[in-house]
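Enquirer: Any chance you could fold what I've pasted below:
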Amino acid sequence: DPPLISVVADWVTRARRARLINWLQDLFPEVAAALGLGLAKGTVGTLLRALRNRSLRAAAANVAIGEGMRTRLVELGIDPGRVEVIHNWSDEDRIRPLDPAANALRAAWGLGDKFVVGYSGNLGRAHEYQTLLGAAHRLRVHEDIAFLFIGGGAALDGLRAAAQALRLGNLMFRPYQPAERLAESLAVPDVHLVVLRPEMEGLIVPSKFYGIAAAGRPSLFVGSHEGEIAGLLTSADAGLSVAMGDGQGLAEAVLRLRDDPALRERMGRNARRLCEERFSRLAALQRWERVLVDAAG
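Expert: Numbering: from 1, shown residues only. The predicted model follows:
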């Protein structure tokens, strides 16, 4: 970030006889093309991809944030030996599982006895909310279930308007919370939603998943069953996945987790274990150290 910075970095490192390592949080202009930006699809898009690919091939290493992104890079002709996968991470010391009964934020928001389905962070163009809205509409008769959205994003106003049009009283909205309250904020929901449009797989990995795992909460992923997060949840038994558009399936998954505390607690423990073993800050820094040492020769 920002998009195409690797092109400029390539020019600078060539001039300085330095070595370039690209850390790819997403793949641009493919993301823009997938979101329907016409400029990214035509001649300009072809030129941008050519410049970007040249900068990736020239790099000593390209760090992708998921296996799907690694596959995309190799398909672009990037030397597999110059592509590393280092997932984004969470500060497992700062964000820890917190008992709902001891969460002051949950109490302040009047959610003490509710089963809370949370969405934390950005709700943007790479996400969709119709599936969530469909589930909330089906579950509106369950007064003990609340959908909590903490954050912002380009799609949030649309979700608010749609919820008002459907007269849904089970949705609650809160702004981004101060950084010092992140652990409390992530611990308010009993289960978290993670959403990614299927066409974005391999281009983006939802980074919110790592904080959810650190907080010891299971995830409900809405998107491709073959995607990065869906695979992690299945392999670690840390959550459930439903297809985009399957509001009924999402509602059933919410009820399943609400009605089975043992399942919910097991998945939360597994998520925390996954964070500690694979996605801790120390694990990421150790992998980064290896990439940097290798690039240094």
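Enquirer: most centrally placed residue in the chain?
Expert: Taking Cα atoms, centre = their mean, the centroid of the chain lies closest to Pro206, which sits 1.5 Å from it.
Enquirer: Got phi/psi on that residue?
Expert: The phi and psi torsions at Pro206 (degrees, to the nearest 10) take the values phi -60, psi 110.
Enquirer: what about the chain, any weak spots by pLDDT?
Expert: Along the chain, the parts satisfying pLDDT under 70 run over 39-40.
Enquirer: quick one: the helices in it?
Expert: Assigned by DSSP state H, the helices in the chain fall at 5-16, 30-34, 43-58, 67-75, 104-108, 130-138, 156-165, 182-187, 208-214, 228-236, 247-259, 261-278, 281-296.
Enquirer: Which elements pack onto the last one?
Expert: Under the contact criterion of 3 or more Cβ pairs under 8 Å, 6 or more residues apart in numbering; DSSP states H and E, the helices and strands touching helix 281-296 comprise strand 21-24, strand 61-64. For every residue, glycine as well, the C-beta is placed using N, CA and C.
Enquirer: Quick check: buried residues in that helix?
Expert: 281, 283-284, 287, 291 (16 or more other Cβ atoms under 10 Å).
Enquirer: Quick one: residues in contact with it.
Expert: Identification of contacts with helix 281-296 by Cβ atoms under 8 Å, 6 or more residues apart in numbering yields 19, 21, 60-61, 63, 84, 86-93, 277.
Enquirer: Please name the residues that touch Phe28.
Expert: So Phe28 contacts 3-4, 48, 52 (Cβ under 8 Å, 6+ apart).
Enquirer: so which of those residues comes closest to Leu168?
Expert: Relative to Leu168, the closest of those is Pro3; by Cβ to Cβ it sits at 35.9 Å.
Enquirer: before we move on, back to that, now the contacts of helix 281-296: which count as buried?
Expert: Neighbour-count burial (16+ other Cβ under 10 Å) applied to those gives 21, 60-61, 63, 84, 86-92.
Enquirer: Distance to Tyr176 added to the helices of the chain, as CSV?
Expert: Listed next are the helices of the chain as CSV, based on distance: least, Cβ to Cβ, whole Å:
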stretch, distance to Tyr176
helix 5-16, 25
helix 30-34, 23
helix 43-58, 31
helix 67-75, 26
helix 104-108, 13
helix 130-138, 19
helix 156-165, 11
helix 182-187, 9
helix 208-214, 12
helix 228-236, 22
helix 247-259, 24
helix 261-278, 22
helix 281-296, 22
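Enquirer: which non-adjacent residue is nearest Pro218?
Expert: Met267 (3.6 Å; Cβ to Cβ, 6 or more residues apart in numbering).
Enquirer: whoops, I mixed them up, Leu233
Expert: Gly239 (4.0 Å).
Enquirer: if I pick the one you found, what's in contact with it?
Expert: 191, 218-221, 233, 267, 271.
Enquirer: Tell me which residues touch the spatially closest residue to Trp23 that is not a sequence neighbour, please.
Expert: Take Trp23 and drop its neighbours on the chain: the residue closest to it by Cβ to Cβ, 6+ apart is Val63, 4.8 Å away. Contacts for Val63 (Cβ under 8 Å, 6+ apart) come out as 21-24, 84-86, 288, 291.
Enquirer: and what of Asp246?
Expert: By Cβ under 8 Å, 6+ apart, the neighbours of Asp246 are Thr131.
Enquirer: quick one: it and Leu240, what's the gap?
Expert: The gap separating Asp246 from Leu240 is 12 Å, by Cβ to Cβ, to the nearest Å.
Enquirer: Could I get the contacting residues of the closest residue to Arg14 other than its chain neighbours?
Expert: Counting by Cβ to Cβ, 6+ apart, Arg14 lies nearest to Ala58, which is 7.5 Å off, once chain neighbours are set aside. Shown in contact with Ala58 (Cβ under 8 Å, 6+ apart): 10, 13-14, 20.
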